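Undergrad: model the structure of this input:
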Amino acid sequence: RSLQSRVFHQANQLFNEWRIEHNEDGERAEAFLYCAEVKPEGCDYYIPLAPSWVVSEKFKIVVEWTREGVSEHLIPRVFVASDDEFALYIGKDDSQAKKGATVSDGRVVDPLNPNRTWSIESLRGPNGLRHWSPSDLVPRSDDVFQERLYCIRWIDPNGTRRYAAPTQHDMARESRVFELLSERFSSWQAAGYIPSKPIPPGYNTDQPIRERGWTHWHHLFAPRQLLTLGLIAQLFDQNVGNDRNSVAAWLLAIGSASDFNSKLCRWIPNLAASGGIGAFAQTFYNQALNTLANWGVRGLVNVESTLCSLPTQDTTISDLAHEVRIVDAREANSLCHLWITDPPYADAVNYHELGDFYLAWYEKQMPRIFPGAVIDSRAELAVRGDGEEFRRTMVEVYQNLVRHMPDNGAQVVMFTHQDPAVWADLGMILWAAGLKATAAWTISTETDAAGIKKGSYVQGTVCLVLRKRAAVESGFMDEIFPLVEDEVKRQIDSMHALDEGTEPNFNDADYQLAAYAAALKVLTSYSTIDGRDVEHEVFAVRERGEKSDFQSVIERALGIACDYLIPRGLDYAWRELTLAERYYLRALDIESRGERRKGMYEELARGFGVTDIRPLLKADKANGVSMHTPSGFAAALLASPTGSAPTAAMPARRGRVASAAPHPFASSSLRHLLFAIRETVAADNNPELGRQYLRDTYGPAVYWQLRERSLCLLEWLAGLGNATGMEAWTADSNAARVLAGRLRNDEA
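TA: Numbers count the residues shown, from 1 in each chain. Below is the predicted model of the structure:
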């Protein structure tokens with residue numbers, strides 16, 4: 001820690017001397033915002049690229065582009081927008097175009113004429129982009145993608161911040177940065193202060209090569225970033241001598257700083273942790289190498305916080321009994337009472353590729369810590385992929401670990417996935433290795449990151465506890481299914497007991513993962529299933545769509561869990577509902593508790609056997625799913641089997657053949673109840689029209705038969721409008737409450 005502080009102080013002195021971060025008014029630059037720009041065919045000026053030109057949401061600071069005369073380069077204007085104008089810059093939702101955005105849905109948009117667009121992919125041309133040479137630090141003048149500085153955040157000695165477009169003096173400082181780096185570039189690469197390694201080919205590593213033409217790791221960094229990180233590395237080297245711990249601290253510091261200061265670091269205009277002034281994401285905000293249209297570069301004052309945190313105590317690992325080995329897991333030969341593994345599976349992260357990002361910074365210094373070490377990702381040894389070879393290797397790994405644990409030993413396998421087929425593969429692998437699952441619990445391993453993550457991300461990790469399967473016991477599928485049902489219910493009941501009502505420990509994803517784990521606990525307790533041995537099941541060649549017994553049991557477990565998790569207040573009606581009706585109500589239940597991830601709704605549908613959820617969704621954004629309200633359905637899904645929307649005057653007729661098979665939800669009694677709510681809303685909360693629709697649709701006998709169930713459903717729907725985030729239900733919930741009262745007081 002003392003070394004880091006000393007190095008940063010020395011770097012700060014040099015930056016002050018070079019005058020590359022201070023302006024004429026005594027302000028210092030904290031953040032530099034850059035963007036790529038392109039000059040598409042038919043356009044006589046360069047278009048700066050960004051999906052949004054919002055710089056700070058809290059202070060409503062935005063960027064607008066203008067053109068002076070016939071200049072090839074547009075001029076940025078950084079200003080504080082009015083409330084109305086700012087609303088256009090941020091857009092109401094993902095479906096609304098943001099004002100001034102020049103990148104949208106894979107296309108470049110002309111900021112001066114939004115009707116003109118070009119495909120980004122077409123700009124790369126049929127032969128792709130020019131591959132940068134090892135000596136390139138910035139794009140060449142004829143490259144498709146150019147780079148430019150468009151905004152700087154300044155801070156004065158009193159702590160007052162402001163954003164401004166770069167001036168001529170600022171651009172002169174940019175040129176000075178390039179000169180300083182160019183003078184040191186070759187010697188710093190030779191010494192290992194900055195990367196010199198080429199980017200190896202691979203699934204993730206091909207991305208920057210294909211999308212920007214970057215062929216070496218240092219191409220992922222702007223000149224200012226290379227100058228900053230290279231200088232810090234040089235100063236570390238001058239201060240540490242040959243002390244191994246100090247060299248290790250240096251490399252850890254540089255590795256951390258490089259993650260938070262590359263051209264893959266997004267600028268976040270609304271990060272709460274920054275006080276809303278704007279902040280940087282890290283390179284690996286997700287496990288990929290995402291090239292960006294616009295990015296942020298840290299000033300030196302923002303780099304110190306990215307150096308890795310080090311312990312305050314003097315104790316090091318060398319003071320403890322330990323063994324550190326990098327070895328193929330099939331060759332591990334240490335006897336351990338407890339093995340903890342986080343195995344690869346299916347679409348696992350390509351760590352064997354992404355690790356090269358750091359090795360590029362470590363390569364020339366690592367031998368000072370580990371003499372004779374091979375500074376290589378060893379990607380060829382990584383267990384990855386799927387299919388028979390993947391499963392065979394994984395079985396060998398776990399068989400070896402089983403051999404190197406005592407009979408009373410245990411293994412903990414951490415697993416994060418929601419696909420039953422992947423769980424089935426894992427289960428068969430562990431089963432074939434001679435392990436049986438004895439316990440499982442779910443922990444939260446992913447947290448919301450201020451909206452950085454997009455997509456259907458699993459948020460929980462299941463920890464499976466496994467022990468050696470000593471007994472030889474045969475199982476049969478007709479016996480296994482009821483045992484799985486009992487185990488799933490037992491697992492869910494134990495999780496319910498831990499919940500705290502208003503602050504539950506578990507969400508629906510946790511319960512689903514627990515169901516998978518419960519199925520494995522039953523399955524892995526047997527040595528054979530239906531007379532088939534382990535090897536047959538694990539390595540059997542199956543036709544497309546054919547499921548293993550493991551997968552069938554796990555999918556059944558999911559269905560059991562979905563059916564067992566009855567929304568509070570619906571116990572009376574639940575058993576009489578169809579699967580499509582149960583799905584809709586369970587989806588509303590999780591929506592009312594703040595769940596918006598699309599993956600959750602898809603997994604829930606799988607549990608209920610609903611194959612198409614699109615007609616039920618009002619919004620299906622990756623992290624913004626919501627279900628249709630009764631009024632929101634309108635006539636779309638509430639159409640009768642004949643294709644016409646039912647009304648009180650024209651009830652749905654039974655017995656007619658539809659021109660196309662209706663959605664299973666469309667013909668359900670809940671569908672009629674929702675339409676009755678819609679009719680009540682349309683009549684200014686007069687429930688008579690809704691009640692009459694139900695009586696005409698069902699007929700007198702069925703109407704009275706279903707009345708108690710309808711009351712239960714209406715009262716539950718009436719409570720939705722009170723939940724946080726369910727404001728869209730306010731009118732329909734009020735109508736449901738009024739309609740319930742009318743049905744309760746109805747007379748034959």
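
Undergrad: please count neighbours and contacts with C-alpha atoms only from this point.
TA: Will do.

Undergrad: got any ranges where the stretch 401-550 of the chain has weak pLDDT?
TA: The stretch 401-550 of the chain contains residues with pLDDT under 70 at 444-460, 499-505.

Undergrad: what about the helices in the stretch 251-400 of the chain?
TA: Counting by DSSP state H, counting those that start in this stretch, the stretch 251-400 of the chain has helices at residues 351-354, 356-362, 366-369, 387-403.

Undergrad: helices and strands around the third one, which ones?
TA: Read it as helix 366-369. Using 3 or more Cα pairs under 8 Å, 6 or more residues apart in numbering; DSSP states H and E as the contact criterion, the secondary-structure elements in contact with helix 366-369 are helix 244-259.

Undergrad: tell me, how many residues neighbour the residue lying closest to residue 334 once chain neighbours are set aside?
TA: On the basis of Cα to Cα, 6 or more residues apart in numbering, the spatially nearest residue to residue 334 that is not a chain neighbour turns out to be residue 404, at 6.5 Å. Residue 404 is surrounded by 18 other residues when neighbours are defined as other Cα atoms under 10 Å.

Undergrad: list the buried residues of the helix or strand hosting residue 513.
TA: The secondary structure element spanning residue 513 is helix 508-523 (assigned by DSSP states H and E). Along helix 508-523, these residues count as buried under the neighbour rule (16 or more other Cα atoms under 10 Å): 508-523.

Undergrad: also stretch 41-59?
TA: Buried residues in stretch 41-59, counting neighbours by 16+ other Cα under 10 Å, are found at 45-57, 59.

Undergrad: mind putting those in TSV, distance to residue 684 and secondary structure included?
TA: Rendered in TSV, the data for the buried residues of stretch 41-59 read as follows (distance: Cα to Cα, whole Å; DSSP: H, G, I helix; E, B strand; the rest coil):
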residue	distance to residue 684	secondary structure
45	56	coil
46	55	strand
47	52	strand
48	51	strand
49	49	coil
50	46	coil
51	42	coil
52	41	coil
53	43	coil
54	41	strand
55	44	strand
56	43	strand
57	39	coil
59	42	coil
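
Undergrad: any chance of JSON lines for those residues, columns distance to residue 432?
TA: Converted to JSON lines, these look like this (distance: Cα to Cα, whole Å):
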{"residue": "45", "distance to residue 432": "63"}
{"residue": "46", "distance to residue 432": "60"}
{"residue": "47", "distance to residue 432": "58"}
{"residue": "48", "distance to residue 432": "56"}
{"residue": "49", "distance to residue 432": "53"}
{"residue": "50", "distance to residue 432": "51"}
{"residue": "51", "distance to residue 432": "49"}
{"residue": "52", "distance to residue 432": "52"}
{"residue": "53", "distance to residue 432": "55"}
{"residue": "54", "distance to residue 432": "54"}
{"residue": "55", "distance to residue 432": "55"}
{"residue": "56", "distance to residue 432": "55"}
{"residue": "57", "distance to residue 432": "54"}
{"residue": "59", "distance to residue 432": "59"}
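
Undergrad: what is the nearest of the residues you listed to residue 270?
TA: Using Cα to Cα, the shortest approach to residue 270 within the buried residues of stretch 41-59 belongs to residue 57, at 5.3 Å.

Undergrad: any idea of the pLDDT on residue 553?
TA: Reading off the confidence values, residue 553 has pLDDT 88.

Undergrad: do I have it right that it meets residue 481?
TA: Yes - assessed by Cα atoms under 8 Å, residue 553 is found in contact with residue 481 at 6.9 Å.

Undergrad: can you tell me the helix or strand for residue 179?
TA: In the assignment (DSSP H and E), residue 179 maps to helix 168-191.

Undergrad: give the buried residues for that helix.
TA: Within helix 168-191, the residues that qualify as buried are 170, 173-174, 176-178, 181, 185, 188-189, counting by 16+ other Cα under 10 Å.

Undergrad: also stretch 7-14?
TA: Of the residues in stretch 7-14, 7-8, 11-12 count as buried by neighbour count, 16+ other Cα under 10 Å.

Undergrad: tabulate those (CSV), appending distance to residue 19, secondary structure and pLDDT.
TA: Formatted as CSV, the buried residues of stretch 7-14 follow (distance: Cα to Cα, whole Å; DSSP: H, G, I helix; E, B strand; the rest coil; pLDDT from 0 to 100):
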residue, distance to residue 19, secondary structure, pLDDT
7, 18, helix, 93
8, 16, helix, 93
11, 12, helix, 96
12, 10, helix, 96
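
Undergrad: and the strands in the stretch 51-200 of the chain, which stretches?
TA: Ranges of strands in the stretch 51-200 of the chain, per DSSP state E, counting those that start in this stretch, are 54-56, 61-66, 75-80, 103-104, 107-109, 117-119, 146-155, 161-164.

Undergrad: for the fifth one, packing partners?
TA: When contacts are defined as 3+ Cα pairs under 8 Å, 6+ apart, strand 107-109 sits against strand 117-119.

Undergrad: what does the first one give?
TA: With contacts defined as 3+ Cα pairs under 8 Å, 6+ apart, the packing partners of strand 54-56 are strand 61-66.
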